[in-house]
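> After the sequence you'll find the predicted model.
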Amino acid sequence: MIHLFLFAWLAGQAGTSDAMQHLQAGLEARKQHQIDAEITEFQKATESDPNLADGFVNLGAAYMEKHDYGAAITPLKRALELSPDLPLAHQLIGYALLSEGYSAEAIPHLQRVGALDALGIAQIESNQLTEAVSSFTAALAQRPGDPDLLYYLGHASGLLSKDAIDNLLATHPDSARAHQALAENYFVLRQMPQAEMEFLEALRLRPDLPGLHLELGQVYANSAQWPKAEVEFRAERKLRPGNAEAAYRLGAALLQQGKAHDALPELERSNELKPEMPETLYSLGKAASLDGDSTTAEGAWQKVIEVEKNTSLAAQAHFGLAGLYRKQGKTAQAQHEMQEFQKLQGTIGPPRSEK
């Protein structure tokens, strides 16, 4: 993430005649991409005039071009001793120090010139994680979608999260939140019995803690224990009636148990709370179809296709519509939907299994 653009650089300083000749020769060598000649000329310029900051900053820049970051540090430090306000010298020495592993020392130089990407890396390496997240967030505002910045922001955020969880487990090991954190970790590792045990302990300590019933329900759903999942999702829905995911999960659990009529209002409510979520729409269409509401089913599945287009979920919606139209005697429409289903199947493979 370090980018150097150093075809020529002069701060307008006056030096001895001999020093300025070597400085100009070094700049000409830079234009010709003759790095060793640059270094030689800039060294001679600094020897001819030890107080010429331009000579030292260009010598440091030449070493940077050669990727000899360690050698660049000394002349860049000298440049800043002679001229403390040189932005390029601060930028280059910040990069050089960071490249050599002196992250903490690099930070003030990078802060001074607003080199947010390199600053964020230095802050990660100095365990200043909150500051690193802030730096990468600001850098992304300037360069949206940059893959390096996205990676480092995710990395810094992950480290900050781990640091917070480690602190939680160390300082409050018997708290509901500690048991919740352990449960979530077990869930990610697909160790469902351990996840269940930790979630149950968290609920014992704080039975009204938002999110716990939802997460425990997902443990049960993951192992197809649908009646248990229904109980937990229903409890979460009672605690948070405005939460779209709780309503969706409850509807999906009911649908898995063949309770389409009971599932339908839950899925409709989820869609009202958070419209046009493809998984909700597909399940809504399936529940409506099983409950004999062909109008709602058709509308929901058509919306899935509009939102998802060329995905496995869209393929499932086409398949559902084909069955719906076949039952209604709409042969041409049924054939069209089946063709679309087969077309998508050939492109993306078989439809995904339902939740």
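Thanks, I have the structure now.
> can you pull the pLDDT of the residue most central in space within the chain?
The geometric centre of the chain, computed from its C-alpha atoms, lies nearest to Gly154 (Cα atoms, centre = their mean), at 4.3 Å. Per-residue confidence (pLDDT) for Gly154: 96.
> Quick check: the gap between it and Ala53.
Taking Cβ to Cβ, to the nearest Å as the measure, Gly154 and Ala53 are separated by 40 Å. Using the backbone N, CA and C atoms, a C-beta is placed for each residue, glycine as well.
> Tyr325 now?
For Tyr325, the distance to Ala53 equals 80 Å [Cβ to Cβ].
> so where do the strands sit in the stretch 151-300 of the chain?
Taking DSSP state E, counting those that start in this stretch as the criterion, the stretch 151-300 of the chain carries no strands.
> quick one: the helices in it?
176-188, 192-205, 212-222, 226-239, 244-256, 260-273, 278-290, 294-308 (DSSP state H, counting those that start in this stretch).
> Can I get the ones you listed in CSV including distance to Pro144?
Compiled in CSV, these are given as follows (distance: least, Cβ to Cβ, whole Å):
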stretch, distance to Pro144
helix 176-188, 29
helix 192-205, 37
helix 212-222, 32
helix 226-239, 35
helix 244-256, 28
helix 260-273, 29
helix 278-290, 25
helix 294-308, 24
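> Report the mean confidence score over the helix or strand hosting Gly94.
Per DSSP states H and E: Gly94 is located in helix 87-99. Averaging pLDDT along helix 87-99 yields 94.
> helices and strands around the next helix or strand after it, which ones?
Counting by DSSP H and E, the next helix or strand C-terminal to helix 87-99 is helix 103-113. For helix 103-113, the contact count by 3 or more Cβ pairs under 8 Å, 6 or more residues apart in numbering; DSSP states H and E identifies helix 87-99, helix 116-125 as packing neighbours.
> Redo the ones you listed as JSON lines? Include mean neighbour count.
Formatted as JSON lines, these follow (neighbours: other Cβ atoms under 10 Å):
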{"stretch": "helix 87-99", "mean neighbour count": "24"}
{"stretch": "helix 116-125", "mean neighbour count": "24"}
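> Mind putting these into a markdown table with distance to Ala61?
Converted to a markdown table, those look like this (distance: least, Cβ to Cβ, whole Å):
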| stretch | distance to Ala61 |
| --- | --- |
| helix 87-99 | 6 |
| helix 116-125 | 16 |
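> If you count neighbours, what's buried in stretch 245-265?
Neighbour counts over stretch 245-265 (16 or more other Cβ atoms under 10 Å) mark 245-256, 259-260, 262-264 as buried.
> Could you list the residues in contact with it?
Stretch 245-265 is contacted from outside by 214, 217-218, 221, 224, 226-227, 229-230, 233-234, 236-237, 239-240, 266-267, 269-270, 273-274, 277, 279-280, 283-284, 286-288, 290-291, 293, 296, 354-355, using Cβ atoms under 8 Å, 6 or more residues apart in numbering.
> buried set for stretch 319-326?
319-322, 324-325.
> Just the pLDDT at Ala314, thanks.
You'll see Ala314 listed with a pLDDT of 93.
> nearest spatial neighbour of Glu125, skipping sequence neighbours?
Closest residue to Glu125 in three dimensions, ignoring its sequence neighbours and counting by Cβ to Cβ, 6 or more residues apart in numbering: Ser103, at 3.8 Å.
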